[in-house]
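Asks: Got a predicted structure here, sequence first:
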Amino acid sequence: MNSDRRKFLKRLATGAAAVSLAPSLLSGYTEGKAKGKYNATYPRLEFDVAVVGAGPGGVPAAIAAARQGAKVVLIEEDSMPGGAPVDMFVTFICGGPRVGIFREMIQHLNQYHTIGGKPVESFGEQGYDGKNHWWMPESYAQTIYHMLEQEPNITLMCGAMVVDTLVKENGNRNKVEGVVITRNGEYQEIGAKMTIDATGNGFVAASAGCEYMYGSEAKSDLNEHVGMDEADGKVQPCTWMMISNRIKRNAILPVDKFIGSSTVEDNLDHWVTVPDIPDMIRRDAGIYLHWGKTVYCDDTRDPQKLAEAQRKALVKLRHNMQMLHEAGYGVYLAPKLGVRECRRVKGEYILTSNDIAQGVFPDDTVAHAHYGFDVWGMKIPEELKGTQPYGIPYRSLIPLNTEGLVTAGRIISSSRIAHSSVRVQPICANIGEAAGVAAALAVKHNTNSRGIDVKKLQAILRNNGLFSAFEQ
Ligand SMILES: Cc1cc2nc3c(=O)[nH]c(=O)nc-3n(C[C@H](O)[C@H](O)[C@H](O)COP(=O)(O)OP(=O)(O)OC[C@H]3O[C@@H](n4cnc5c(N)ncnc54)[C@H](O)[C@@H]3O)c2cc1C
């Protein structure tokens, strides 16, 4: 690799090139409006807090802000809320702790939606001591709808894509004052005192001009002990998830004919492998979650590259799908290719794998977390796997040089290796809950994300049970 390329990739990985990489929709809408080219057909709406993305990070963010008294809009581009568990069929929960609003969600799932019809006794408050579970994707959506119905302060918008941010220049820092959505193909401005980017892809922050990181940095960039020797700008591979269920009576899952695909049986957390077949038949509930096929995508920010990756995955999936059909199973592909990694928004602090491996709880910890490094496509040495509980600092939720915006879920400011731990659902949800309370506090005290009293934020989160797993 020549040195220019290396430098470029390094800039890319550390986000220094981010502003020029960010889509320029901001100027598109704002300038277009100034020239009279674009008109927002629908009247502007005003909220205290706008949460963009109704996934594991965004839903708790909206609920937490609403419970603090904020008037909240939760904006989702899909036709229903849920995020990756619903649109990518990532319905399997790893890591923890499973506390706060996330715990309420899985309690509801466990009580009303367990696939085998038999709720389990423990789903684990702490990272690794809990069983892993999965539920049907629409069970997540139903549970989320149920939870949102209890919150009169939340307005939910589905099928509403955020295409821009409303940004005002404000001294050294831009101030985000809401977002622009498309509604029925027309623009609508959504004004908000605070905006939370929970898109899983960092689009809101990018469109507001925030710096972001994308792809692998070199471990020396952030003085990490684990990581790539050289930055290569690559993200983790994508996996197209699918669910199969028995249609023909007495059909047996043809796992012995599968080519490289992990499969898990109903809610019992049993991985289905070839040697397990007799045991599997004994327990078999006839519904399986499959990590279908895994492919690299050249750029997970780019819809054309995503479509190419999807096509590659589909070609690779054909064999197993055919085996399933022939054996008497129906196969349901997730609506979207499962994208593990996209932008990470550069914040006041970049959480690193060192922090996680050492189990650091910084003074401004606002979310607890417990999961090792799970970087698909990279072997992590055993001694560096990082399985200690750790704390997520509030600074990692605050984008550099920007006000009015906090991040939630997997896009927070972290190194790529740290992201591989942060990205699991319970951790994304705990971060989301913290972001929601923080945004509501900023509104309540007429201040901004940097002006809130972090001790007060922590006290509310503690009271909500967010720290109950690892604090005596
Ligand atoms: C293949 C795969 C396997 C995984 N396996 C596991 C696992 O076993 N266990 C586990 O716990 N986690 C797993 N994960 C990780 C986990 O599912 C995600 O990291 C997690 O869902 C991230 O939550 P989030 O809220 O940050 O983002 P998301 O779940 O991506 O939610 C973001 C939401 O924002 C919406 N959105 C995006 N852009 C816009 C826009 N411009 N306007 C409006 N809405 C927008 C999206 O439609 C989406 O609903 C896996 C992920 C993948 C892809």
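Replies: Received it, and whenever you're ready, just let me know what you need.

Asks: Only C-alpha atoms from now on, for both contacts and neighbour counts.
Replies: Will do.

Asks: Helices of the stretch 51-200 of the chain, start to end?
Replies: 58-67, 84-87, 100-112, 137-149 (DSSP state H, counting those that start in this stretch).

Asks: what's the closest of the ones you listed to residue 179?
Replies: helix 58-67 (15.2 Å; CA to CA).

Asks: Quick one: list the elements packing against the closest one.
Replies: Under the contact criterion of 3 or more CA pairs under 8 Å, 6 or more residues apart in numbering; DSSP states H and E, the helices and strands touching helix 58-67 comprise strand 45-52, strand 72-75, helix 100-112, strand 154-157, strand 186-197, helix 425-444.

Asks: close to the ligand, is the longest one?
Replies: Yes - part of helix 425-444 sits close enough to the ligand to count as contact by CA under 6 Å from any ligand atom, namely 425, 428.

Asks: what separates that helix from the chain centre, distance-wise?
Replies: Offset of helix 425-444 from its chain centre (CA atoms, centre = their mean, to the nearest Å): 14 Å.

Asks: ok, now the fifth one?
Replies: Mean C-alpha position of strand 186-197 versus that of the full chain (CA atoms, centre = their mean) differs by 20 Å.

Asks: Provide the strand pairings for it, with the direction of each partner.
Replies: Sheet pairing of strand 186-197 (DSSP bridges) gives strand 45-52 (parallel), strand 173-183 (antiparallel), strand 405-407 (parallel).

Asks: Most tightly packed of the ones you listed?
Replies: Using mean count of other CA atoms under 10 Å, the stretch among the strands paired with strand 186-197 with the largest mean neighbour count is strand 405-407, at a mean of 32.

Asks: Spit out the contact partners of residue 234.
Replies: By CA atoms under 8 Å, 6 or more residues apart in numbering, residue 234 lies in contact with 214-216, 298.

Asks: Could you do residue 441 as well?
Replies: Applying CA under 8 Å, 6+ apart to residue 441 gives the contacts 68, 452, 457.

Asks: Look up how far residue 250 lies from it.
Replies: Look at residue 441 and residue 250: by CA to CA, to the nearest Å, they are 57 Å apart.

Asks: can you check residue 216 too?
Replies: Shown here: residue 216 relative to residue 250, a distance of 47 Å by CA to CA.

Asks: When these two are compared, which one has more neighbours?
Replies: In this view residue 216 and residue 250 are compared by other CA atoms under 10 Å, and residue 216 has more residues nearby, 24 against 11.

Asks: Which element, helix or strand, includes the nearest residue to the more buried one once chain neighbours are set aside?
Replies: Excluding the flanking residues, the one nearest residue 216 by CA to CA, 6 or more residues apart in numbering is residue 233, at 4.8 Å. Using DSSP states H and E, no element contains residue 233; it sits outside every helix and strand.

Asks: So residue 225 is in contact with residue 356, correct?
Replies: No - contact between residue 225 and residue 356 fails when scored by CA atoms under 8 Å: they sit 11.3 Å apart.

Asks: Pick out whichever of these two has more residues nearby.
Replies: Higher neighbour count among residue 225 and residue 356: residue 356, with 28 against 13, using other CA under 10 Å.

Asks: Please give the element, helix or strand, for the more buried one.
Replies: Assigned by DSSP H and E, residue 356 falls in helix 353-357.

Asks: now do residue 368
Replies: strand 365-369.

Asks: check whether that strand contacts the ligand.
Replies: No - Strand 365-369 lies apart from the ligand when judged by CA under 6 Å from any ligand atom; the minimum separation is 11.8 Å.

Asks: any idea which helix or strand comes after that strand?
Replies: Immediately after strand 365-369, counting by DSSP H and E, sits strand 390-393.

Asks: Show me what the helix or strand following that following strand is packed against.
Replies: Beyond strand 390-393 in the direction of the C-terminus, DSSP H and E gives the next helix or strand as strand 402-403. Strand 402-403 is packed against strand 173-183, with contacts defined by 3+ CA pairs under 8 Å, 6+ apart.

Asks: what about the strands in the stretch 201-350 of the chain?
Replies: 212-213, 238-246, 263-265, 270-271, 287-295, 329-333, 344-345 (DSSP state E, counting those that start in this stretch).

Asks: Please save the CA atoms from the second one in CSV.
Replies: This means strand 238-246. Extracted C-alpha coordinates of strand 238-246, given in CSV (Å, rounded to 0.1, in the frame of the first residue of the first chain):
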residue,chain,number,x,y,z
CYS,A,238,-22.7,-8.3,6.9
THR,A,239,-25.0,-11.3,7.4
TRP,A,240,-28.3,-11.9,5.8
MET,A,241,-30.4,-13.5,8.6
MET,A,242,-33.3,-15.9,8.0
ILE,A,243,-35.9,-17.9,9.9
SER,A,244,-37.1,-21.3,8.8
ASN,A,245,-40.0,-23.3,10.1
ARG,A,246,-41.3,-26.8,9.5
